[in-house]
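**Student:** fold the following and give me the result.
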Amino acid sequence: QQAIEDAADGVAVLDDEAYVYIDQTHVDMYGFDSKRELLGRSWRELYGADEAARIEEEAFGALENDGHWQGRVTGSRPDGTTFPAELSLTAVGLSRMVCTVRDVTDREARARELSLKERALDEAGTSIQIMDATRSENPLVYVNEEFVALTGYEPADVLGRPPRFLQGPESNPETTERIQTAIDTERPITTDLQNETAEGEPYWAELSVTPVRDANGMVTNYIGVQHDITEQRKLVRKLTDRTERLELVLSETETGIGEWNFKDGTVSLDATLQETIGANPATIDEWQTTVHPEDRERAADALQRPLE
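**Tutor:** Next up is the predicted model:
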């Protein structure tokens, strides 16, 4: 008897649809002050008219055929408030049934919060993966839609697996070792890494891995964020190749190159140009002193044009 009274689920017994027994948890859940207020009254008084009709339609046939019914209901309190609950009914005779009910307000609130967070992660516009730090090899427990779009792997293919499957033969062993060391020492890390899609296509990602700690300071998860930088790497490679080819051509023609930083007025000269003018000026003012006096005004005008 005491165990029933102390249980989180409300328990009641009905005969001919009226309460003949009810525990205090059930009484409190539906917003009444005492058991006496409910004994002898119909269960329908604890639900709105439409909800009571729905429960009767769905539950009573199942009770007659199977002897049991379970489902989600919306309970109503005397003050007009409602709450979500899981209701379980079991027939124990021709007219008697046992009712257990559990308030799921907190659980549904957590589910809504989790759904909202997952939607936010899916709409973040970047690949996100969450790993379980409490399990061996830190398996994936969540990936968002951008992860699927970037890697080609569906959640069902990757959840429960360590994320190393993303690495391919072109992945730099030193980089992967630094990532693993950061995880082993519970430190965040950001680095560029070459991975492979599900189709075996290589891609470059800027990967950030961050530990998540609980209230006691224990690492429970790692969050990994991948930014696709494949096109950026291709552009850098293309510019590097062009620069190397240009430098090769210029080296054969003994043409020097100088760069002028408009913001701070500094200049930098390559070796050929330094040798040509016999100086290595650090600023644009120093550079102008290397120009022949008769040409300084014309040179100054030419330098001014890019600024106009």
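
**Student:** mind listing the strands for the stretch 101-250 of the chain?
**Tutor:** Along the stretch 101-250 of the chain, counting by DSSP state E, counting those that start in this stretch, strands occupy 127-132, 140-143, 189-196, 202-213, 219-228.

**Student:** by contact count, what packs against the last one?
**Tutor:** For strand 219-228, the contact count by 3 or more CB pairs under 8 Å, 6 or more residues apart in numbering; DSSP states H and E identifies strand 127-132, helix 145-151, strand 202-213 as packing neighbours. From N, CA and C alone the C-beta is placed, and that goes for glycine too.

**Student:** residues of it that come out buried?
**Tutor:** 221, 222, 223, 224, 225, 226, 227, 228 (16 or more other CB atoms under 10 Å).

**Student:** in its sheet, which strands sit next to that strand, and in what direction?
**Tutor:** Strand 219-228 has these partner strands in its sheet, going by DSSP bridges: strand 127-132 (antiparallel), strand 202-213 (antiparallel).

**Student:** what's in contact with it?
**Tutor:** For strand 219-228, the surrounding residues in contact (CB atoms under 8 Å, 6 or more residues apart in numbering) are 126-134, 138, 141, 147, 150, 163, 183, 186, 195, 203-214.

**Student:** low pLDDT regions in this protein?
**Tutor:** Counting by pLDDT under 70, the chain has low-confidence residues at 1-8, 113, 115-124, 246-254, 306-308.

**Student:** if we use 80, what do you get?
**Tutor:** 1-8, 109, 111-125, 233-257, 272, 303-308 (pLDDT under 80).

**Student:** quick one, helices of it?
**Tutor:** Using DSSP state H, the helices of the chain run over 2-6, 24-29, 49-66, 105-122, 145-151, 155-158, 173-184, 230-253, 271-277, 284-289, 296-304.

**Student:** which residues are in contact with residue 167?
**Tutor:** Taking CB under 8 Å, 6+ apart, we find residue 167 in contact with 176, 193, 195, 196.

**Student:** could you export the helices and strands packed on strand 219-228 to a markdown table, including columns for distance to residue 168?
**Tutor:** Shown next, in a markdown table, are the helices and strands packed on strand 219-228 (distance: least, CB to CB, whole Å):
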| stretch | distance to residue 168 |
| --- | --- |
| strand 127-132 | 16 |
| helix 145-151 | 11 |
| strand 202-213 | 6 |
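
**Student:** between these, which one is nearest to residue 57?
**Tutor:** Of all these, helix 145-151 sits nearest to residue 57, with 38.7 Å by CB to CB.

**Student:** contacting residues around the closest one?
**Tutor:** Applying CB under 8 Å, 6+ apart, the contact partners of helix 145-151 are 122, 124-129, 153-155, 166, 195, 197-198, 203, 205, 226, 228.
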